[in-house]
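> Just to be clear, the model below is a prediction. Sequence and coordinates:
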Amino acid sequence: MARTPRAPGRAAPPPEVMTISDLAEYLQVSKSSLYKLVQQGKVPGQKVGKHWRFHKDVVDSWLKHGSVTGVGS
């Protein structure tokens with residue numbers, strides 16, 4: 001499927017499932033800071049093999065409510 005060209009200067013919307021790099025860009029923090037927060041259990045995410053993945057809906061809810069309760073890590 002071909003991608004629709006975006007207007008110059010417009011960032012692509014974040015994917016539904018984000019990587020560390022995607023989430024760091026979305027939250028506007030460094031990857032190293034994000035890794036620390038994830039390892040401390042302060043950011044909701046799931047480890048898939050050796051890689052962290054983050055569901056956008058869960059992250060948005062966490063940002064709104066400030067809770068990681070009930071989120072698997």
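Now that the structure is in, tell me what you want to look at.
> Find the centremost residue of the chain, please.
In the chain, the C-alpha nearest the mean C-alpha coordinate belongs to Leu23, at 3.1 Å (CA atoms, centre = their mean).
> was I right about that residue contacting Phe54?
Yes. The pair formed by Leu23 and Phe54 meets the contact definition of CB atoms under 8 Å, at 4.9 Å. All C-beta atoms are positioned from the backbone trio N, CA, C, and that covers glycine.
> what residues are shared contacts of those two?
43, 45 (CB atoms under 8 Å, 6 or more residues apart in numbering).
> in what helix or strand does the residue nearest to the centre of the chain lie?
helix 20-27 (DSSP states H and E).
> next structured bit after that helix?
Helix 20-27 is succeeded, C-terminally, by helix 31-39 (DSSP H and E).
> Who are the packing partners of that following helix?
Counting contacts by 3 or more CB pairs under 8 Å, 6 or more residues apart in numbering; DSSP states H and E, helix 31-39 packs against helix 20-27.
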